[in-house]
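1. model this:
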Amino acid sequence: MGEAPIEGDPMTTFSTRTSDTRAVIVAIAPVVLLVAMVWHPYLPGRLPDHAAVAEAVAAGTTRWALAHLAAVVASGALVLAFIAIRGDLRERGDQALSAVGLGFIVMGSLSYAVLPGMEFAPLAAVEIGADAEAAQAALDDWFVPVLFIGALLYAFGVGCVAAAIRRHGGLGPTLMLVVVLALIVMVASRFAPFVIAQFYVQSAAAFIALWPLAWAIKGRQQAPLPA
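-> This is a model prediction of the structure:
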(Lines give C-alpha, C1' and ligand atoms only; values in the text may rest on other atoms or scores of the structure.)
Protein backbone atom coordinates (compact mmCIF):
# COMPACT_ATOMS: atom_id res chain seq x y z
CA MET A 1 0.00 0.00 0.00
CA GLY A 2 1.22 3.54 -0.72
CA GLU A 3 1.23 6.25 1.88
CA ALA A 4 -0.39 9.65 1.47
CA PRO A 5 1.98 12.62 1.32
CA ILE A 6 2.88 13.92 4.76
CA GLU A 7 2.20 17.59 5.37
CA GLY A 8 5.48 19.41 5.80
CA ASP A 9 7.46 16.57 4.23
CA PRO A 10 10.40 18.04 2.21
CA MET A 11 9.60 15.95 -0.90
CA THR A 12 5.97 17.06 -0.85
CA THR A 13 7.02 20.69 -0.40
CA PHE A 14 9.50 20.40 -3.28
CA SER A 15 6.86 18.84 -5.53
CA THR A 16 4.36 21.59 -4.70
CA ARG A 17 6.90 24.32 -5.38
CA THR A 18 7.89 22.70 -8.66
CA SER A 19 4.25 22.54 -9.78
CA ASP A 20 3.67 26.14 -8.73
CA THR A 21 6.76 27.33 -10.61
CA ARG A 22 5.76 25.47 -13.74
CA ALA A 23 2.23 26.83 -13.52
CA VAL A 24 3.48 30.42 -13.22
CA ILE A 25 5.78 30.00 -16.23
CA VAL A 26 2.97 28.53 -18.36
CA ALA A 27 0.53 31.25 -17.28
CA ILE A 28 2.91 34.16 -17.89
CA ALA A 29 3.99 33.11 -21.41
CA PRO A 30 0.77 34.15 -23.23
CA VAL A 31 0.79 37.46 -21.35
CA VAL A 32 4.31 38.21 -22.62
CA LEU A 33 3.24 37.18 -26.13
CA LEU A 34 0.18 39.44 -26.04
CA VAL A 35 2.20 42.45 -24.83
CA ALA A 36 4.76 41.96 -27.60
CA MET A 37 2.12 41.54 -30.30
CA VAL A 38 0.02 44.51 -29.19
CA TRP A 39 3.13 46.69 -28.91
CA HIS A 40 4.10 45.88 -32.51
CA PRO A 41 2.68 48.49 -34.92
CA TYR A 42 -0.37 47.23 -36.75
CA LEU A 43 0.24 46.40 -40.42
CA PRO A 44 -2.94 46.34 -42.52
CA GLY A 45 -3.56 44.03 -45.42
CA ARG A 46 -1.76 40.92 -46.59
CA LEU A 47 1.84 40.27 -45.56
CA PRO A 48 4.50 41.00 -46.57
CA ASP A 49 3.55 44.66 -46.95
CA HIS A 50 6.82 46.51 -47.48
CA ALA A 51 5.25 49.96 -47.74
CA ALA A 52 3.37 49.50 -44.46
CA VAL A 53 6.55 48.33 -42.72
CA ALA A 54 8.49 51.34 -43.99
CA GLU A 55 5.73 53.67 -42.80
CA ALA A 56 5.56 52.03 -39.36
CA VAL A 57 9.33 52.21 -38.90
CA ALA A 58 9.45 55.87 -39.94
CA ALA A 59 6.63 56.68 -37.51
CA GLY A 60 8.60 55.38 -34.54
CA THR A 61 12.00 53.71 -34.71
CA THR A 62 12.19 53.21 -30.93
CA ARG A 63 8.82 51.47 -30.77
CA TRP A 64 9.75 49.31 -33.76
CA ALA A 65 13.02 48.23 -32.14
CA LEU A 66 11.59 47.54 -28.68
CA ALA A 67 8.56 45.71 -30.07
CA HIS A 68 10.83 43.35 -32.00
CA LEU A 69 13.03 42.75 -28.98
CA ALA A 70 9.84 41.98 -27.04
CA ALA A 71 8.86 39.48 -29.75
CA VAL A 72 12.14 37.63 -29.18
CA VAL A 73 11.46 37.56 -25.43
CA ALA A 74 7.94 36.26 -26.09
CA SER A 75 9.33 33.45 -28.25
CA GLY A 76 11.64 32.49 -25.39
CA ALA A 77 8.77 32.65 -22.88
CA LEU A 78 6.78 30.18 -24.98
CA VAL A 79 9.76 27.83 -25.06
CA LEU A 80 9.97 27.99 -21.26
CA ALA A 81 6.24 27.29 -21.04
CA PHE A 82 6.56 24.15 -23.15
CA ILE A 83 9.59 23.04 -21.12
CA ALA A 84 7.40 23.32 -18.02
CA ILE A 85 4.57 21.41 -19.73
CA ARG A 86 7.04 18.72 -20.83
CA GLY A 87 8.26 18.36 -17.23
CA ASP A 88 4.72 17.88 -15.98
CA LEU A 89 3.85 15.38 -18.72
CA ARG A 90 7.02 13.39 -18.03
CA GLU A 91 6.03 13.04 -14.38
CA ARG A 92 2.58 11.88 -15.51
CA GLY A 93 4.03 9.07 -17.59
CA ASP A 94 4.79 10.52 -21.02
CA GLN A 95 8.19 9.69 -22.41
CA ALA A 96 8.80 10.17 -26.12
CA LEU A 97 5.99 12.37 -27.45
CA SER A 98 6.52 15.53 -25.42
CA ALA A 99 10.32 15.11 -25.52
CA VAL A 100 10.36 14.99 -29.32
CA GLY A 101 7.77 17.75 -29.48
CA LEU A 102 9.80 20.02 -27.24
CA GLY A 103 12.85 19.65 -29.47
CA PHE A 104 10.92 20.73 -32.55
CA ILE A 105 9.26 23.58 -30.63
CA VAL A 106 12.69 24.89 -29.63
CA MET A 107 13.94 24.71 -33.24
CA GLY A 108 10.80 26.38 -34.57
CA SER A 109 10.95 29.09 -31.91
CA LEU A 110 14.60 29.82 -32.66
CA SER A 111 13.69 30.23 -36.34
CA TYR A 112 10.81 32.50 -35.36
CA ALA A 113 13.12 34.58 -33.15
CA VAL A 114 15.40 35.22 -36.14
CA LEU A 115 12.62 37.13 -37.93
CA PRO A 116 12.53 40.16 -35.58
CA GLY A 117 16.29 40.45 -36.05
CA MET A 118 15.81 40.62 -39.80
CA GLU A 119 13.31 43.43 -39.37
CA PHE A 120 15.96 45.71 -37.92
CA ALA A 121 17.10 46.20 -41.54
CA PRO A 122 14.39 48.79 -42.40
CA LEU A 123 15.08 50.50 -39.07
CA ALA A 124 18.76 50.83 -40.01
CA ALA A 125 17.73 52.16 -43.41
CA VAL A 126 15.60 54.88 -41.80
CA GLU A 127 18.45 55.80 -39.44
CA ILE A 128 20.86 56.41 -42.32
CA GLY A 129 18.31 57.99 -44.65
CA ALA A 130 18.11 55.04 -47.04
CA ASP A 131 15.03 53.41 -48.58
CA ALA A 132 13.36 51.39 -45.78
CA GLU A 133 10.83 49.85 -48.16
CA ALA A 134 13.57 48.55 -50.44
CA ALA A 135 15.50 47.20 -47.45
CA GLN A 136 12.45 45.28 -46.26
CA ALA A 137 11.72 43.95 -49.75
CA ALA A 138 15.28 42.71 -50.07
CA LEU A 139 14.68 40.42 -47.06
CA ASP A 140 11.88 38.43 -48.71
CA ASP A 141 14.12 35.73 -50.17
CA TRP A 142 15.24 34.88 -46.62
CA PHE A 143 12.37 36.08 -44.45
CA VAL A 144 9.58 34.02 -46.02
CA PRO A 145 11.45 30.65 -46.06
CA VAL A 146 12.63 31.12 -42.47
CA LEU A 147 9.09 31.97 -41.40
CA PHE A 148 7.61 28.96 -43.20
CA ILE A 149 10.25 26.45 -42.04
CA GLY A 150 10.02 27.70 -38.47
CA ALA A 151 6.23 27.41 -38.56
CA LEU A 152 6.46 23.83 -39.86
CA LEU A 153 8.91 22.80 -37.12
CA TYR A 154 6.79 24.50 -34.49
CA ALA A 155 3.61 22.86 -35.80
CA PHE A 156 5.11 19.38 -35.64
CA GLY A 157 6.43 20.01 -32.13
CA VAL A 158 3.17 21.40 -30.79
CA GLY A 159 1.31 18.52 -32.46
CA CYS A 160 3.43 16.02 -30.52
CA VAL A 161 2.87 17.88 -27.25
CA ALA A 162 -0.87 18.08 -27.96
CA ALA A 163 -0.95 14.30 -28.45
CA ALA A 164 0.90 13.85 -25.15
CA ILE A 165 -1.57 16.16 -23.42
CA ARG A 166 -4.46 14.07 -24.75
CA ARG A 167 -2.90 10.94 -23.25
CA HIS A 168 -1.45 12.26 -20.01
CA GLY A 169 -2.75 15.79 -19.48
CA GLY A 170 -5.24 14.87 -16.80
CA LEU A 171 -7.88 17.26 -18.13
CA GLY A 172 -11.57 16.53 -18.56
CA PRO A 173 -12.84 15.68 -22.06
CA THR A 174 -14.31 19.12 -22.76
CA LEU A 175 -11.34 21.09 -21.45
CA MET A 176 -8.99 18.71 -23.25
CA LEU A 177 -10.76 19.42 -26.54
CA VAL A 178 -10.60 23.18 -25.93
CA VAL A 179 -6.86 23.07 -25.18
CA VAL A 180 -6.00 20.88 -28.17
CA LEU A 181 -8.09 22.98 -30.57
CA ALA A 182 -6.52 26.17 -29.20
CA LEU A 183 -3.04 24.72 -29.78
CA ILE A 184 -4.03 23.91 -33.37
CA VAL A 185 -5.27 27.48 -33.91
CA MET A 186 -2.11 28.84 -32.27
CA VAL A 187 0.01 26.89 -34.75
CA ALA A 188 -2.17 27.63 -37.79
CA SER A 189 -2.02 31.37 -37.12
CA ARG A 190 1.71 31.35 -37.86
CA PHE A 191 1.01 30.31 -41.45
CA ALA A 192 -1.65 32.97 -42.10
CA PRO A 193 -0.25 36.02 -44.01
CA PHE A 194 -2.19 38.55 -41.95
CA VAL A 195 -1.18 40.48 -38.84
CA ILE A 196 -4.56 39.91 -37.22
CA ALA A 197 -3.91 36.15 -37.34
CA GLN A 198 -0.20 36.07 -36.53
CA PHE A 199 -0.43 38.60 -33.72
CA TYR A 200 -3.89 38.66 -32.18
CA VAL A 201 -5.37 35.25 -33.01
CA GLN A 202 -2.13 33.58 -31.95
CA SER A 203 -2.13 35.49 -28.63
CA ALA A 204 -5.77 34.66 -27.90
CA ALA A 205 -5.21 30.98 -28.73
CA ALA A 206 -2.16 30.93 -26.44
CA PHE A 207 -4.29 32.14 -23.54
CA ILE A 208 -7.02 29.57 -24.22
CA ALA A 209 -4.49 26.71 -24.53
CA LEU A 210 -2.00 27.54 -21.80
CA TRP A 211 -4.04 28.93 -18.93
CA PRO A 212 -6.07 25.72 -18.38
CA LEU A 213 -2.80 23.79 -18.50
CA ALA A 214 -1.26 26.16 -15.94
CA TRP A 215 -4.25 25.65 -13.64
CA ALA A 216 -4.05 21.88 -14.04
CA ILE A 217 -0.30 21.85 -13.33
CA LYS A 218 -0.79 23.97 -10.21
CA GLY A 219 -3.36 21.48 -8.94
CA ARG A 220 -1.08 18.44 -9.23
CA GLN A 221 -0.63 16.47 -6.03
CA GLN A 222 2.43 14.55 -4.99
CA ALA A 223 2.01 10.92 -6.05
CA PRO A 224 1.71 8.40 -3.20
CA LEU A 225 5.09 7.23 -1.98
CA PRO A 226 5.89 3.52 -2.22
CA ALA A 227 5.58 1.50 0.98
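
2. Now for R166: which residues touch it?
-> 176, 180 (Cβ atoms under 8 Å, 6 or more residues apart in numbering). Every residue, glycine included, has its C-beta placed from N, CA and C.

3. Tell me the spacing between it and D94.
-> 10 Å (Cβ to Cβ, to the nearest Å).

4. residue ranges with poor pLDDT in this protein?
-> 1-15, 220-227 (pLDDT under 70).

5. so who does the residue nearest to the spatial centre of the chain touch?
-> Closest residue to the average C-alpha location of the chain: L78 at 3.4 Å, with Cα atoms, centre = their mean. Applying Cβ under 8 Å, 6+ apart, we find L78 in contact with 29, 33, 105, 109, 206.

6. Tell me which of these fall in strands.
-> Members of the contacts of L78 lying in strands (criterion: DSSP state E): none.

7. And the furthest pair within those residues?
-> Greatest spatial distance in these: L33 and I105, 13.9 Å, computed using Cβ to Cβ.

8. so what's W39 closest to, chain neighbours aside?
-> A67 (4.4 Å; Cβ to Cβ, 6 or more residues apart in numbering).

9. Confirm that that neighbour sits in a strand.
-> No. Under DSSP: H, G, I helix; E, B strand; the rest coil, A67 sits outside any strand and is assigned helix.

10. separation between it and A51?
-> 18 Å.

11. who has more neighbours, the two?
-> Remark: of A67 and A51, A67 carries more neighbours, 20 against 14, as counted by other Cβ atoms under 10 Å.

12. residues near A29, how many?
-> A29 has 26 nearby residues by other Cβ under 10 Å.

13. was I right about L80 contacting A27?
-> No. Using Cβ atoms under 8 Å as the test, L80 is too far from A27 to be in contact (11.4 Å).

14. Please identify which of these two sits among more neighbours.
-> A27 (19 against 15).

15. residue contacts, the nearest residue in space to that one that is not next to it in sequence?
-> Closest residue to A27 apart from its sequence neighbours, by Cβ to Cβ, 6+ apart: A214 at 3.9 Å. When contacts are counted by Cβ under 8 Å, 6+ apart, A214 touches 22-24, 26-27.
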